[in-house]
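> model the following, please.
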Amino acid sequence: MGNTSYIWYDKRIKGKRWDALMEIGIIGSGAVGLLSAAYLSKYHEVTLYTRRKEQADLINNAGITLVRGERHENISINLGAEENTSYKEPLLIITVKQYQLDSILDALKKSPSKTVLFLQNGMSHIPLLQTLKRHHIFVGTVEHGALKLSDNSVKHTGLGCIKVSSLYPDDCLTELPILQMQMEHFPFEYISDWKEMMSRKLLVNACINPLTALLRVPNGELASNPMFNKMTESVFRESMKVLALQKGQEEWEHVMDICRITAQNRSSMLKDIEEGRKTEIDGIIGCLINQAEAEKLEVPVLHFLYNAIRGMEG
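Residues are numbered from 1 along each chain as shown. Here you go, the predicted model:
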């Protein structure tokens, strides 16, 4: 690792102790995976698991470039193949999309006990996670703005936090040591109720992702453009009805705050449409529609969005 001495010095000057070092595996090398790997590798021994050899070769040769404002940092990192079925690290952070989880879940079912943090949009994967009985399972929501500039470069476009909650009541905070330390520009926050946390995140995803993909605009336009804002409010009202969240004005302000914090971001769904990839529409809007049908609720706007994005996927 070419920058080992730099990373060691960085830990020392920030007052972090070497004996607090953890081995962390990050599976998934999109914007969130690159951002997480870049920040966590300053404090811990991180291995980033990638799917494509071209990306692995680039990161192996040039490291990860983290862009924040005018500051550019180059960070060296260990690499592994995403299809590897024997992840050795005791802590895994899973950042792949919901529909890419199957092979990882199969590997985890055969793996010794680990602590695993899942950072997916939507909630339709939760029943699958509940089958991983031998592991300490945490779910999280990412409120940072992150833009993947290239295979080895990520821009931190909006400072937020990663909210984390345990899927099982018996798991305590000591099972996820990264919650014990505050990392500059990359904080974690523990939330006691995973369902409320994930519902609030699903609300944000439902309001932002499909509309930005359909309208081909960055997140901030949903707050600043009056017509787009009205469309967002329509999605918000139907989603709130399905999720049965109580604090309407507070939730709306939260959605708008996320739009502003990540104003420069092109949502993951927009990027997927632009690059001809499958989207997470099933895990986000599809999840809400299924719940609405079970409760006999009318959600015409959500049906429109679902059909529009599925049509754009081709």
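> neighbours of His72, how many?
Counted with other CB atoms under 10 Å, residues neighbouring His72 total 11. In short, each C-beta sits where N, CA and C put it, glycine included.
> that one pairs with what?
Applying DSSP bridges to His72 yields these beta-bridge partners: Val67.
> how much space separates it from Tyr39?
14 Å (CB to CB, to the nearest Å).
> all helices of the chain, in order?
Taking DSSP state H, the helices of the chain run over residues 4-13, 31-40, 53-62, 102-109, 126-129, 194-215, 221-224, 226-243, 248-261, 268-274, 281, 287-294, 300-313.
> least reliable of those helices going by mean pLDDT?
Lowest mean pLDDT of the helices of the chain: helix 4-13, a mean of 29.
> list the buried residues of stretch 197-216.
Across stretch 197-216, burial judged by 16 or more other CB atoms under 10 Å covers 197-214.
> may I have it exported as PDB, CA atoms only?
What follows is stretch 197-216 as a C-alpha-only set of coordinates in PDB (Å, rounded to 0.1, in the frame of the first residue of the first chain):
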ATOM      1  CA  MET A 197     -35.700   4.600  10.300                       C
ATOM      2  CA  MET A 198     -36.000   2.500   7.100                       C
ATOM      3  CA  SER A 199     -39.600   3.800   6.500                       C
ATOM      4  CA  ARG A 200     -38.300   7.400   6.700                       C
ATOM      5  CA  LYS A 201     -35.500   6.600   4.200                       C
ATOM      6  CA  LEU A 202     -38.000   4.800   1.900                       C
ATOM      7  CA  LEU A 203     -40.100   8.000   1.900                       C
ATOM      8  CA  VAL A 204     -37.100  10.000   0.900                       C
ATOM      9  CA  ASN A 205     -36.100   7.500  -1.800                       C
ATOM     10  CA  ALA A 206     -39.700   7.400  -3.200                       C
ATOM     11  CA  CYS A 207     -39.900  11.200  -3.500                       C
ATOM     12  CA  ILE A 208     -36.400  11.700  -5.000                       C
ATOM     13  CA  ASN A 209     -35.200   8.800  -7.000                       C
ATOM     14  CA  PRO A 210     -38.000   8.100  -9.500                       C
ATOM     15  CA  LEU A 211     -38.800  11.800 -10.200                       C
ATOM     16  CA  THR A 212     -35.200  12.800 -10.800                       C
ATOM     17  CA  ALA A 213     -34.800   9.800 -13.100                       C
ATOM     18  CA  LEU A 214     -38.100  10.700 -15.000                       C
ATOM     19  CA  LEU A 215     -37.300  14.400 -15.200                       C
ATOM     20  CA  ARG A 216     -33.500  13.900 -15.700                       C
END
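> what is the distance between it and the centre of its chain?
Stretch 197-216 sits 13 Å away from the centroid of its parent chain (CA atoms, centre = their mean, to the nearest Å).
> likewise stretch 293-304?
That offset, for stretch 293-304, works out to 26 Å (CA atoms, centre = their mean).
> now swap in stretch 147-162 and tell me
How far stretch 147-162 lies from its chain's middle: 11 Å, per CA atoms, centre = their mean.
> check stretch 49-58 too.
On CA atoms, centre = their mean, the centre of stretch 49-58 falls 20 Å from that of its chain.
> next, the buried residues of stretch 69-89.
Within stretch 69-89, the residues scored as buried using 16+ other CB under 10 Å are Glu73, Ile75, Ser76, Ile77, Asn78, Leu79, Gly80, Glu82, Tyr87, Glu89.
> just stretch 38-53 next, same as before
So, applying 16+ other CB under 10 Å, buried residues of stretch 38-53: 38-50.
> could those go into a markdown table alongside distance to Arg260?
Shown next, in a markdown table, are the buried residues of stretch 38-53 (distance: CB to CB, whole Å):
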| residue | distance to Arg260 |
| --- | --- |
| Ala38 | 24 |
| Tyr39 | 22 |
| Leu40 | 26 |
| Ser41 | 29 |
| Lys42 | 27 |
| Tyr43 | 29 |
| His44 | 31 |
| Glu45 | 36 |
| Val46 | 30 |
| Thr47 | 34 |
| Leu48 | 30 |
| Tyr49 | 33 |
| Thr50 | 32 |
